[in-house]
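Asker: Give the three-dimensional model of this entry:
(4 chains)
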Protein chains: 2
Amino acid sequence: MITIKDVAREAGVHPSVVSRVLNKDVTLKIKKETRERILITVEELGYVPNHSARNLKRNETMMIGMIIPDFSNPVYSSIIHGAENKAAEECYNLLVYSKDQKGIGNNYFSHLIEGRIDGLLIAVSEFEDKDIKELAELDKPFILVNRFVEGIENHVVLDDETAGYMAAKHLMELGHTNIAHITGPFEIGTGFNRYKGFKNGIEDAGIELKAEYIRKSAYTIQSGYDEMNQLLKLEEPPTAVFAANIMISLGAMRAVQEKGHEIPNDISIIGIHDVAFAPVLNPPLTTIRMPLYEMGEAAVKKLVENIKGKSSNKDMEGIMIEGGELIVRDSTKEFIPE
Amino acid sequence: MITIKDVAREAGVHPSVVSRVLNKDVTLKIKKETRERILITVEELGYVPNHSARNLKRNETMMIGMIIPDFSNPVYSSIIHGAENKAAEECYNLLVYSKDQKGIGNNYFSHLIEGRIDGLLIAVSEFEDKDIKELAELDKPFILVNRFVEGIENHVVLDDETAGYMAAKHLMELGHTNIAHITGPFEIGTGFNRYKGFKNGIEDAGIELKAEYIRKSAYTIQSGYDEMNQLLKLEEPPTAVFAANIMISLGAMRAVQEKGHEIPNDISIIGIHDVAFAPVLNPPLTTIRMPLYEMGEAAVKKLVENIKGKSSNKDMEGIMIEGGELIVRDSTKEFIPE
DNA sequence: TTGTATGCGTTATCAC
DNA sequence: GTGATAACGCATACAA
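Answerer: Numbers count the residues shown, from 1 in each chain, chains lettered A, B, ... in the order given. Predicted coordinates for the structure are as follows:
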């Protein structure tokens, strides 16, 4: 292992000088010759500062952690992408791990407490509120992404309510009146807010919202499939369905098609989250594109501010990223009465 | 920040004793009383050892890095999952980042060189061979996952050749003879090996492999879509297509359906990689399930051995995980002559 | 069984 | 401009 001492010896200077050169102190009180000699030696020896030693001294890692539920959920890839790019811009590294990967003491946040990372993005909805509140006590920088917890203001979320409203509006504009909604879990902000927006949309149009058309579901393919099957069993099945996320959409589409119905001729389906494969589904899925990438960016931006002490978890205001966009494809179609 | 000194003072002992208690030296030459008192104090103060300090001393981070091409590729989620679980079993943390996230000096491997991680899994096929070889010179533990580089033996790969063979066999058993293959890039081991297996399968059956039925593609939806369209333009289009991975499958399915053909009635399609949404595609996709999870596990297992010095990059033999499994769904069907 | 001393590699604060 | 020194928090060899 090449250390700063090796470089110093080779260049004929004291280690502290090497350190100063490499850390580009604005006050560059260093002779050009020595600076260049050192830089060349660094290059020659392939010296790279030891991360742990530097961190121990500076007490910062320039690393940001991000916990996600699991890597198979395509929704997170956009958030991560935005977060990674923003982090790079701010000279931080983003390290992603799943919630299944508990640290020491079965603690989800041990990386933060141990000082492996300078801040944490929490993009997991399954954590208990009390865990989050305990974390908040520690006064380490963290941001809840796409999640709302009562009393915790350091979050970045999307405008899910408007998204639900838009979905309802789209289906109604196509002439549908028997519109069902397979919701996400109400305990999770996104699930409830999308439902709220949907409900408002329907009621604003003066349409009665039938209780049997609201099916609570988990954000999984299987659950979407199951709930869609329940809807199909109704005496008067819906002619259009709003699925609360992409996993539910996939399950619902499968259920409809398995029963021999056609999308969109028999049933229209609109989903949320315009993931990469939405256009190549059969039929291509009408969705609402949510600004996931932008949410990832915003979360990192705010987190870095908190890390640098420009603001803190406690005095920040929750951030909402607006701008859902309706992407009309072939899974929704005008309702034609028989 | 609570340090080991705080604990020591509170418990009325010397810091070194605290250290010994926490590091559970097999030689537990510590009075039960003191040990318990210390443990209680640790609990009370919420002391957590500082990661950087410990790392600086021990020269190990208990962290494993993993570079992937991007987070939107569903194939990687299984590999990561296996890797995460195995890492946890071995008391390591797995930190995932994308190849877009270069470190200092535009170096993909800086995390390894800086000592942020003890070893690295490289699951990216786009790196230049020379970059990999440079890394190999450094003699830091790393494993190539699902990638083969000439002269580098520290890799874990799948039996892609057999997978290609199985795909060809399945389609031929259904009576197809006009079978096309949209391949992956030949520069990447997987692409070429799947092609090789496919070719052998076809030729073993005494069927002539038509040159126009082999379409080289990138592992993307768009490329799969484009190449499938080329196949459809042929005078005698294939009745069955083997798509070299899931992205190509998605693109190919879309192209077929957009032209008004039916899967599998007009054209059968078989893909590789049984991702989570394969069963809910329309039609559900016949695939070959590759042991991605197991590959992730095996890669970590081997990497940890290298880290612990039981073996090294250079003296290890390449590992191949066998066991592709044909999952027949509705996208392939018996060929019925007109 | 516990305390003392030392050093991991780096940077910040001195003095020269 | 540069060199010397101390300290970050921890673990370990050695002394007691």
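
Asker: And for A:G296, nearest residue in space, chain neighbours not counted?
Answerer: A:G82 (2.8 Å; CB to CB, 6 or more residues apart in numbering or on different chains). Where you see a C-beta, it was placed from the backbone N, CA and C, and this is true even at glycine.

Asker: which SS state does the residue nearest the centre of chain A fall under?
Answerer: Residue closest to the mean C-alpha point of chain A, counted by CA atoms, centre = their mean, is A:I79 at 4.0 Å. For A:I79, the reduced secondary structure class is helix; criterion used: DSSP: H, G, I helix; E, B strand; the rest coil.

Asker: May I have the secondary structure class of the nearest residue to it once chain neighbours are set aside?
Answerer: Once flanking residues are discounted, A:I79 sits nearest to A:G296: 4.1 Å by CB to CB, 6+ apart. Following three-state DSSP, we place A:G296 in the helix state.

Asker: The residue nearest to A:G296 reaches A:K301, doesn't it?
Answerer: No: using CB atoms under 8 Å, A:G82 is not in contact with A:K301, being 9.9 Å away.

Asker: So which of the two has more stuff around it?
Answerer: A:G82 (21 against 18; other CB atoms under 10 Å in any protein chain shown).

Asker: you'd agree that one is in a helix?
Answerer: Yes: the assignment for A:G82 is a helix, going by three-state DSSP.

Asker: Quick check: the gap between the residue nearest to the centre of chain A and A:T41.
Answerer: Distance, A:I79 to A:T41, by CB to CB, to the nearest Å: 42 Å.

Asker: Check what pLDDT the residue nearest to A:I79 gets.
Answerer: On the pLDDT scale, A:G296 is placed at 98.

Asker: The one 4 residues further on now?
Answerer: According to the per-residue confidence, A:V300 scores 98 in pLDDT.

Asker: Repeat that for A:N55.
Answerer: 96.

Asker: in what helix or strand does A:I64 lie?
Answerer: Using DSSP states H and E, the element containing A:I64 is strand A:63-68.

Asker: pLDDT of that strand, averaged?
Answerer: So the average pLDDT for strand A:63-68 ends up being 95.

Asker: What strands line up against it, and which way round?
Answerer: Neighbouring strands of strand A:63-68 in its sheet, by DSSP bridges, are strand A:93-98 (parallel), strand A:119-122 (parallel).

Asker: which one of these lies closest to B:E227?
Answerer: Smallest distance to B:E227 across the strands paired with strand A:63-68 (CB to CB): 32.2 Å, for strand A:93-98.

Asker: where does the closest residue in space to A:H181 that isn't next to it in sequence fall, helix, sheet strand or coil?
Answerer: Leaving aside its sequence neighbours, A:H181 sits nearest to A:F242 (CB to CB, 6+ apart; 4.6 Å). Per three-state DSSP, the local secondary structure of A:F242 is strand.

Asker: neighbours of A:F242, just the number please.
Answerer: If you count neighbours by other CB under 10 Å, A:F242 ends up with 35.

Asker: OK, contacts around it?
Answerer: Residues near A:F242 by CB atoms under 8 Å, 6 or more residues apart in numbering or on different chains: A:G164, A:A167, A:A168, A:L171, A:I179, A:A180, A:H181, A:I182, A:F198, A:I270, A:G271.

Asker: Let me know how buried the fourth one is, in neighbour terms.
Answerer: Which is A:L171. Neighbour count for A:L171, taken as other CB under 10 Å: 29.

Asker: Return the helix or strand in chain A with minimum mean pLDDT.
Answerer: helix A:129-138 (a mean of 87; mean pLDDT, DSSP states H and E).

Asker: Could you identify the helix or strand that succeeds it?
Answerer: Helix A:129-138 is succeeded, C-terminally, by strand A:142-145 (DSSP H and E).

Asker: Please give the centre-to-centre distance between stretch A:178-193 and its chain.
Answerer: 18 Å (CA atoms, centre = their mean, to the nearest Å).

Asker: what about the closest residue to chain B within the stretch 101-250 of chain A, neighbour count?
Answerer: Residue of the stretch 101-250 of chain A nearest chain B, by CB to the nearest CB: A:E114 (4.1 Å). Counted with other CB under 10 Å, the neighbours of A:E114 add up to 19.

Asker: That one - nearest residue in space that isn't next to it in sequence?
Answerer: Ranked by CB to CB, 6+ apart and with sequence neighbours excluded, the top spatial neighbour of A:E114 is B:H51, at 4.1 Å.

Asker: got the contact list for that neighbour?
Answerer: B:H51 touches A:S52, A:E114, A:G115, A:R116, B:T61, counting by CB under 8 Å, 6+ apart.

Asker: Please, where are all the helices along chain A?
Answerer: Ranges of helices within chain A are A:4-11, A:15-22, A:32-45, A:51-58, A:75-89, A:110-114, A:129-138, A:160-173, A:189-204, A:221-232, A:246-258, A:292-307, based on DSSP state H.

Asker: can you put those helices in a markdown table and add distance to DNA strand C?
Answerer: A markdown table is the format used below for these (distance: least, CB to the nearest atom of the strand, whole Å):
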| stretch | distance to DNA strand C |
| --- | --- |
| helix A:4-11 | 3 |
| helix A:15-22 | 3 |
| helix A:32-45 | 10 |
| helix A:51-58 | 3 |
| helix A:75-89 | 20 |
| helix A:110-114 | 16 |
| helix A:129-138 | 24 |
| helix A:160-173 | 43 |
| helix A:189-204 | 41 |
| helix A:221-232 | 48 |
| helix A:246-258 | 44 |
| helix A:292-307 | 16 |
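
Asker: need the ones you listed in JSON lines with distance to B:P237, can you?
Answerer: Shown next, in JSON lines, are the helices of chain A (distance: least, CB to CB, whole Å):
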{"stretch": "helix A:4-11", "distance to B:P237": "64"}
{"stretch": "helix A:15-22", "distance to B:P237": "62"}
{"stretch": "helix A:32-45", "distance to B:P237": "57"}
{"stretch": "helix A:51-58", "distance to B:P237": "56"}
{"stretch": "helix A:75-89", "distance to B:P237": "34"}
{"stretch": "helix A:110-114", "distance to B:P237": "54"}
{"stretch": "helix A:129-138", "distance to B:P237": "56"}
{"stretch": "helix A:160-173", "distance to B:P237": "37"}
{"stretch": "helix A:189-204", "distance to B:P237": "43"}
{"stretch": "helix A:221-232", "distance to B:P237": "32"}
{"stretch": "helix A:246-258", "distance to B:P237": "25"}
{"stretch": "helix A:292-307", "distance to B:P237": "38"}
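
Asker: Out of the ones you listed, which one sits most buried?
Answerer: Most buried of the helices of chain A, by mean neighbour count (mean count of other CB atoms under 10 Å in any protein chain shown): helix A:246-258, with a mean of 26.

Asker: tell me the mean pLDDT for that one?
Answerer: 96.

Asker: That helix near chain B anywhere?
Answerer: Yes: counting by CB under 8 Å from any CB of the partner chain, chain B has neighbours in helix A:246-258: A:L250, A:G251, A:M253, A:R254, A:Q257.

Asker: Closest one to DNA strand D out of these, please.
Answerer: A:L250 (46.8 Å; CB to the nearest atom of the strand).

Asker: Nearest spatial neighbour of that closest one, chain-adjacent residues omitted?
Answerer: That would be B:V280: by CB to CB, 6+ apart, it lies 4.6 Å from A:L250.
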